[in-house]
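**Q** below are the sequence and a predicted model; questions follow.
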Amino acid sequence: MKTTISQVSKHLNEEVTIGAWLANKRSSGKIAFLQLRDGTGFMQGIVVKADIGEDKFQEAKALTQESSMYVTGTIVEDTRSPLGYEMQVTDFEIIHEAVDYPITPKEHGTEFLMDHRHLWLRSKRQHGVMKIRNEIIRATYEFFNENGYVKIDPPILTGSSAEGTTELFHTKYFEEDAYLSQSGQLYMEAAAMAFGKVFSFGPTFRAEKSKTRRHLIEFWMIEPEMAFMDHEDSLEVQEQYVSHVVQSVLKNCKIELEALGRDTGQLEKIQAPFPRISYDEAIQLVKEKGFDDIEWGDDFGAPHETAIAESYDKPVFITNYPAEIKAFYMKPDPARPEVVLCADLIAPEGYGEIIGGSQRIDDLELMKQRYEDHGLTGDAYNWYLQLREYGSVPHSGFGLGLERTVAWIAGVEHVRETIPFPRLLNRLYP
RNA sequence: UCCAACGUAGCUCAGUGGUAGAGCAAUCGGCUGUUAACCGAUUGGUCGUAGGUUCGAAUCCUACCGUUGGAGCCA
């Protein structure tokens, strides 16, 4: 009977067949250990010469790394296995013999591994990270579907910049100029006016020459937008959403977190509500921690963010930034117009900003003024201004960066390991 | 774009002015519970590229190319 490694617990003491690849192998004169992987998990197969016969045993000893095969054997419990189960192999059939697989069980450098990303994905570590990414995506759909959100897909090809500041990937749209989307947010505002609560999940592109462990050229964002919700309502959605995602990973990715050596005690604390500090307080806090390179009105750099995050064991919201350093569409605080109703959510353990969100300007005249103040001209956003012309309502939204969230939850250093085929500065292959 | 470090065997690295090295991988042999298994043997090199200094350069100098980390900007 055919099955998979993820299902072997249901076949205890039965003989099953699994399609698998050989991840690694250890052997002695009369016994061989096959480290098998089948995509669903990793399991050890035991080949005993006395049971399987001389010819088959020699064949097993000659198996090469990453050769594919159908392995048949009896599933037995064994406490020495991380999975809890092993296979006593009775037979195997080689499908394809791999020769000189480049990635060996020893250590490799970053460049080599990135050049072999298509093969590196097979490793236990990368398998764990991608399964956690998948669980975060699954939990995201679950959360928003269960809370009455409609998934709306904004366009990827756009006619102009959403915020005008960051660099966009340019392409041709027949005779016109076009750009790859750097945010679906403005379109999500239109969607919120049509469907109430909406969310998007899609790729986004930034042609920035950033070279840090937190940056990708192409990355995925989840962008919810909610009509009739103010800034505080939005913060509550954010902390509930992030908590749901973290708790889902803890529940459904135990083997993967273990394989990555993640300290799950840190993750167990991630339950709403999250602490909030104002931008003013954050500036004060950073100065108290000894930084003298920042003044009110400046944006936080990575070291500042880390210093703030270190003061908490949960993600922390930094709220109400100066309007000048934030996007044109953010709503000024009625009590203090020099700051806007916004928040960045900073992940613990130095993983940086994972969410940026705000309440949006709903007044047409103010929006027109901000639009011009930010040097935006032309008719490209007439449709966006019209949202304030026909039944404008208070509304808020936010964007969560998937890869930074995966990096934090999985506990990996660099976002390049959190997306299957990362696009980085100077890397478009494979 | 700026700053810093690095570039030696398929991979990871040592070698800092005088004969090119180790571990892993590969190949051959040994080993009945291995966890990056272990033990023995064999194979493997245009020292990133170009120029310069020197009797002599992997080693010192210059330029370029590439990689990595960081800054800025952002999720």
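**A** Yep, that arrived. Numbering: from 1, shown residues only, chains lettered A, B, ... in the order given.

**Q** what about A:G397, how many neighbours?
**A** Per other CB atoms under 10 Å, the neighbour tally for A:G397 reads 26. In short, each C-beta sits where N, CA and C put it, glycine included.

**Q** give the full set of residues in contact with the closest residue to it other than its chain neighbours.
**A** Excluding its sequence neighbours, the residue lying closest to A:G397 (CB to CB, 6 or more residues apart in numbering) is A:E225, at 3.5 Å. A:E225 makes contact with A:Q185, A:M188, A:E189, A:A191, A:A192, A:K197, A:V198, A:F199, A:H395, A:S396, A:G397, according to CB atoms under 8 Å, 6 or more residues apart in numbering.

**Q** try A:V237
**A** A:N147, A:P224, A:M226, A:M229, A:F398.

**Q** what parts of the stretch 101-250 of chain A come near RNA strand B?
**A** Within the stretch 101-250 of chain A, the positions lying close to RNA strand B (CB under 7 Å from any atom of the strand) are A:102, A:104-112, A:114, A:165-166, A:183, A:206, A:208-217, A:219, A:221.

**Q** show me which of the residues you listed are buried.
**A** For those, a burial check counting by 16 or more other CB atoms under 10 Å picks out A:M114, A:S183, A:R206, A:R213, A:R214, A:H215, A:L216, A:I217, A:F219, A:M221.

**Q** tell me which of those residues fall in helices.
**A** Residues of these located in helices (DSSP state H): A:M114.

**Q** next, give phi and psi for the nearest residue to A:S396 once chain neighbours are set aside.
**A** Among residues not flanking A:S396 along the chain, A:S234 sits closest, at 3.8 Å (CB to CB, 6+ apart). Backbone torsions of A:S234, given as degrees, to the nearest 10, read phi -60, psi -40.

**Q** burial of A:S234, as a residue count?
**A** Counted with other CB under 10 Å, A:S234 comes out at 24.

**Q** same deal with A:P430?
**A** Neighbour count of A:P430, defined by other CB under 10 Å: 11.

**Q** for the stretch 101-250 of chain A, what spans make up the helices?
**A** A:110-115, A:117-120, A:124-146, A:185-195, A:231-252 (DSSP state H, counting those that start in this stretch).

**Q** any chance of these in JSON lines, plus mean pLDDT and distance to A:A272?
**A** Shown next, in JSON lines, are those (pLDDT from 0 to 100; distance: least, CB to CB, whole Å):
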{"stretch": "helix A:110-115", "mean pLDDT": "88", "distance to A:A272": "36"}
{"stretch": "helix A:117-120", "mean pLDDT": "92", "distance to A:A272": "36"}
{"stretch": "helix A:124-146", "mean pLDDT": "96", "distance to A:A272": "12"}
{"stretch": "helix A:185-195", "mean pLDDT": "96", "distance to A:A272": "22"}
{"stretch": "helix A:231-252", "mean pLDDT": "97", "distance to A:A272": "4"}
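
**Q** how about these in a markdown table, adding distance to A:G39?
**A** Converted to a markdown table, the helices of the stretch 101-250 of chain A look like this (distance: least, CB to CB, whole Å):
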| stretch | distance to A:G39 |
| --- | --- |
| helix A:110-115 | 20 |
| helix A:117-120 | 14 |
| helix A:124-146 | 8 |
| helix A:185-195 | 34 |
| helix A:231-252 | 17 |
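
**Q** looking at the ones you listed, which is closest to A:K25?
**A** helix A:124-146 (14.9 Å; CB to CB).

**Q** packing partners of that closest one?
**A** Applying 3 or more CB pairs under 8 Å, 6 or more residues apart in numbering; DSSP states H and E, one finds that helix A:124-146 makes contact with strand A:150-151, strand A:197-205, helix A:231-252, helix A:254-260, helix A:402-410.

**Q** ramachandran angles for the residue of the stretch 151-300 of chain A found nearest RNA strand B?
**A** Closest residue of the stretch 151-300 of chain A to RNA strand B, CB to the nearest atom of the strand: A:S210 (3.3 Å). Taking degrees, to the nearest 10, you get phi -90, psi 140 for the backbone angles of A:S210.

**Q** about what we covered before: return the subset of the contacts of A:V237 lying in strands.
**A** Counting by DSSP state E, these place A:P224, A:M226, A:F398 in strands.

**Q** quick one: classify the residue nearest to the last one when sequence neighbours are not counted as helix, strand or coil.
**A** Take A:F398 and drop its neighbours on the chain: the residue closest to it by CB to CB, 6+ apart is A:G357, 2.6 Å away. For A:G357, the secondary structure call by DSSP: H, G, I helix; E, B strand; the rest coil comes out as strand.

**Q** how many residues are close by A:G357?
**A** A count of nearby residues for A:G357, using other CB under 10 Å, gives 27.

**Q** cool, and the one 4 residues further on?
**A** When neighbours are defined as other CB under 10 Å, A:I361 has 24 of them.

**Q** pLDDT wise, what is the residue of the stretch 151-300 of chain A closest to RNA strand B at?
**A** A:S210 carries a pLDDT value of 82.

**Q** one more: A:E163?
**A** For A:E163, pLDDT reads 50.

**Q** quick check on the spatially closest residue to A:V339 that is not a sequence neighbour: phi, psi?
**A** Distance criterion CB to CB, 6+ apart; nearest residue to A:V339, sequence neighbours excluded, is A:N320 at 4.3 Å. Backbone torsions for A:N320, taken as degrees, to the nearest 10, come to phi 60, psi 70.

**Q** A:N320: what's it in contact with?
**A** A:N320 is in contact with A:S278, A:Y279, A:D280, A:D333, A:R336, A:V339, A:V340, A:L341, A:C342, A:A343, counting by CB under 8 Å, 6+ apart.
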